[in-house]
Every structure is written in C-alpha cells, then in structure tokens.
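A.B. asks: prediction below, plus the sequence it came from.
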Amino acid sequence: MSPSGALPRASVADSLGFLADVFIPTAAKGPLIRRPRVEGLAERLGLDRRAVRRMQKLDRKYPGGLLLLRLPLRNQALVLRPGHLHAVLSQSPDPFSPASSEKRAALAHFEPRYVLVSTGAERTARRALQEQALDTASPVHRLADSLLPIIREEAEAMMQGARSKGVLDWDVFNPAWQRAVRRIIFGDAARDDTELTEMLTRLRKDANWSALKPKRRQVREAFLGRVQERIDTAAPGSLAAVMRGRDESDPDAPRDQVPQWLFAFETSGFAAFRALALLATHRNEARLALEEIASDRSGGRRLPFLRATVLESVRLWPTTPMILRQTTRETVWDAGTMPAKCGVLIYVPYFHRDTRRLPLADRFDPALWLRGDGQEDWGVVPFSAGPASCPGRHLVLLCTSALLSNLLRGADFTLQDAGRLSPERPLPGTLNNFSLRFIPGEPPS
Ligand code: HEM
C-alpha cells in the first residue's frame, strides 16, 4: 500500500472477531468501574488470553502495524506494533488527542473538565496543575513525609481487620485502602467520608454506560460541590492542598481534576492487591522483597524491588486495558493514511503479553523493570507514555510499595487457591482482584 492510499482495512469477519474477542469482553468488565462478576467470568473463561491471541492473529494477517476496522458510522484504527504505539502516544495530544468522543461522553458524568478530556490551552494548564499536585517529575513525592505515615497507620488497621476476620479479602482491603486514599488526598478529616466515595461510585456506574445513560446533573453537582468543600478545607500536606484557594470557576477547573485521584487510587489498590498475590505465590521474589524491606534505610521512599513488583502487577493485569486516542487531522504512515476524527485503540494486554516479543511475558519477572532495557521495543505501557501519560505514576509506586512493605512486615500471607498463580505455569490473562483471599500467618522472623 502506498503512503498516499488509505491504511489497510480489516475484513468484516476480522472486524467482528475483534469486537467479539477483544472489545466487548473488555468493555463489559466496566471501563469506569469494574463489574466483579464479569471480571470473575473473564478469569474463568480465559477471555483476556483469547483477546491477546486474536490481536496476534490480526497482526500476522495485517503486518502494516496499523489497521482500520470495517465498522459502520465510524473510522476506528487498531495499533498492532510497538513502534506505532510509541508514535501515537508521543504525538498526543495533537494529532492524537486523548479527548476522544467516547471518553468525553463517559467522563462528563462526573468530571467534565478533567484534563484527559480537555483540549488546547485548557488541557495545557490543567496538565500543569496535575503535574504540580502529583509531583510528576519526582520519584519520591515532596509530601512523602506526610503520606507515608498515613499508609503505615491504615496498613496496620487493615492487618487488624484481617486478623480478626482470619482473612485479608477485598472487603477488608478496600475500605482500609479507601480511608488511606481520602486522607492522602484531603487530609485526616476526610478519612471516614465514605459518602463521598459512594457518590462517585454511583456516577461511575452511570459512566460505564457512557452516552447511553442520561447524566444525573444534580448528583454530579452535589458530588463536585462536596469535592470543592473538601478542597477548601484540605489539610496542609495533603494532595488537594495545592488546589486550595482556587474556586470552581477557575479555568483550570481544580474541582474537576480531583475525582480522578479518588478513582485512580482505587485501581492502584487493585494493582497492590494483585502484587501481594504474586509475592504470596512466588517464594524467591517474596524473599527478595523481604530482604529489601529489612535493609531499607529510606523509610519506605525507595523500594525498587517492590515498585518493580507493582509494575509487574500492572503489566500482567493492566488497569487501563484500552488506551484511546482520536485524530485531530489526517496522518500519513508508511502503510497509508489515517483519516481525521479516526478513533485509535491500543489494546494494552496484547503488547504486555506478547510472548513473540517478550519471552517471559506470562511470568512474574520484576527484573524486567530493574534491568530497564528496551521497554520501548515491547510497548509495555501500563501508565501510557508520552505527554499524556499518567502524571501519578511515581506517586502510585511510592504509595503501593509502602503499603506492601507494611503488610509484608506484619504477616506472612498465604493465598487461598494458590494454584491460580503457579510459578510453574503461564500466569492467567485475568486475575479477579475481588476474589483474592489471603490467610495472614506469623510475621516473618
Ligand atoms: C495503578 C494505578 C494507575 C495506573 C495504571 C494509571 C494509568 C494511567 C494511564 C494508562 C493513563 C493514560 C490514559 C490515556 O491515555 O487515555 C493515565 C492518565 C492519568 N492518570 Fe493515571 N494511573 C494510575 C493511577 C493514578 C493516580 C493514583 C492518579 C492521581 C492521583 C492518576 C492520575 C492520572 C491523570 C491526572 C491522568 C490524565 C493525564 C493527562 O490527560 O494528561 N493516575 N493513568
């Protein structure tokens, strides 16, 4: 195909195959809030593994790296090669805008002016505000002195809950983690504001249906009003304190930037809980983690092995499985031209689990991140990449590695049904975090 022609187009059968094996099962899990039952079904039926196989098949049949699906009403491209993935992500937001129409429709339910769905000068200003609050450039957030004690205290409370119930399950883990999250974002006064989290949960459930569900503007206004109150009273040393003194009419829309923190910290909990499952089932790596914790002189600020473990958790089970972009204008590639207003879909598990490029793709291999070689070539992008990549990456790794170190200091955990994650077999394509259960044993000597 010459560069002046259109990109290769998938046959109708291949387009339907993509929808059936990749898009529908992923969307059914819930893009904005996970549906535990579908997550469980996906694990039982091996749906994510099937999705990766489908993508590999498309890549073999259409080797140009980019493919247009044959769909009614819209132009939709798929990214099939790491080089193309990096080209798209490094050229965001223009010509590959993260503010795609489906994301705008979904996020309008609870954060219509959020950076990811903003464009032009507004996007630039809101991104700068996010980077400032999240201290994006620093591996150790400048507020670590106030954040780490919160994590230690809530991890202790979590351990107490687990000991009295006899198990650390999602119902013990998540409420304790959410308390830590509200304190990190707003300060101690928000610790028990479960209503705030519940309001957001209600709106996220609507957002799962995107434009198909009418917006509940009153609930949204009540929620955003509550966020604004929490910002106004945010404690010094909390993330939201950066936003204090700026009201909701500010063009940077501070109150619309914060809901994502609550929401994305929840998925950070998924990543940490799955990381715990990896360590509970991989004895060699657990030993290395304990050695790191025992020799830590940074007060939990620098735990490279535990950070690599969380990175493995989000590589193996990405919490953002689909990265979406939309072209602002026509773009020309070796394989042909991509039209303007074309959706671009990066199905992340395909790149993360492609054993053709990454021989240990289905294994738990923290060394992958410690070696730091050649990730560019594989397209391993749990936090996306380029100018619209996750500005919370380092903060997530700081908080989750600190959580793991506190938990592992408190108990030796045994995963019930450990056969789900055997080091002897390829790891499953889905790991339903809602069904993980750990028995806390004695603390390590
Ligand atoms: C496991 C945890 C997390 C993962 C894997 C993750 C991953 C991602 C990914 C893949 C994107 C890009 C989405 C896209 O391009 O469409 C993103 C964007 C973003 N994330 Fe995270 N994230 C996590 C947690 C967090 C947390 C805790 C925060 C804030 C406290 C955060 C703040 C943001 C923001 C503000 C953006 C939008 C960036 C922009 O539009 O320029 N994330 N994240």
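C.D. replies: Nice, I can see it.
A.B. asks: ok and the residue in the stretch 201-350 of the chain nearest the ligand?
C.D. replies: residue 264 (3.2 Å; C-beta to the nearest ligand atom). (Each C-beta comes from the backbone N, C-alpha and C, glycine too.)
A.B. asks: from what I see, that residue and residue 393 are in contact.
C.D. replies: No: in this structure residue 264 lies outside contact range of residue 393 using C-beta atoms under 8 Å: 10.5 Å.
A.B. asks: about what we covered before: since we're on the residue of the stretch 201-350 of the chain closest to the ligand, how many residues are nearby?
C.D. replies: Neighbour count of residue 264, defined by other C-beta atoms under 10 Å: 16.
A.B. asks: that one belongs to a helix?
C.D. replies: Yes: according to DSSP: H, G, I helix; E, B strand; the rest coil, residue 264 belongs to a helix.
A.B. asks: residues contacting it?
C.D. replies: Each residue near residue 264 by C-beta atoms under 8 Å, 6 or more residues apart in numbering is listed here: 390, 392, 396.
A.B. asks: what's the burial count for the closest residue in space to residue 436 that isn't next to it in sequence?
C.D. replies: Distances taken as C-beta to C-beta, 6 or more residues apart in numbering place residue 277 nearest to residue 436, at 5.3 Å, with adjacent residues excluded. Residue 277 has 23 neighbours, counted by other C-beta under 10 Å.
A.B. asks: which pLDDT value goes with residue 277?
C.D. replies: Per-residue confidence (pLDDT) for residue 277: 98.
A.B. asks: number the chain from 31, please
C.D. replies: Taking 31 as the first residue, the last one we looked at is residue 307.
A.B. asks: which helix or strand contains it?
C.D. replies: According to DSSP states H and E, residue 307 maps onto helix 289-311.
A.B. asks: tell me what angle the first helix or strand past that helix going along the chain forms with helix 289-311.
C.D. replies: Per DSSP H and E, the first helix or strand lying C-terminal to helix 289-311 is helix 313-324. On the basis of axes from the mean of the first three to the mean of the last three C-alpha atoms, to 10 degrees, helix 313-324 is oriented at 120 degrees to helix 289-311.
A.B. asks: buried set for helix 313-324?
C.D. replies: 315, 316, 318, 319, 320, 322, 323 (16 or more other C-beta atoms under 10 Å).
A.B. asks: for the helix or strand following that helix, packing partners?
C.D. replies: As assigned by DSSP H and E, the chain's next helix or strand after helix 313-324 is helix 334-346. Counting contacts by 3 or more C-beta pairs under 8 Å, 6 or more residues apart in numbering; DSSP states H and E, helix 334-346 is packed against helix 289-311, helix 313-324, helix 397-401, helix 423-440.
A.B. asks: quick revisit: show me which positions of the helix holding residue 307 end up buried.
C.D. replies: 289-311.
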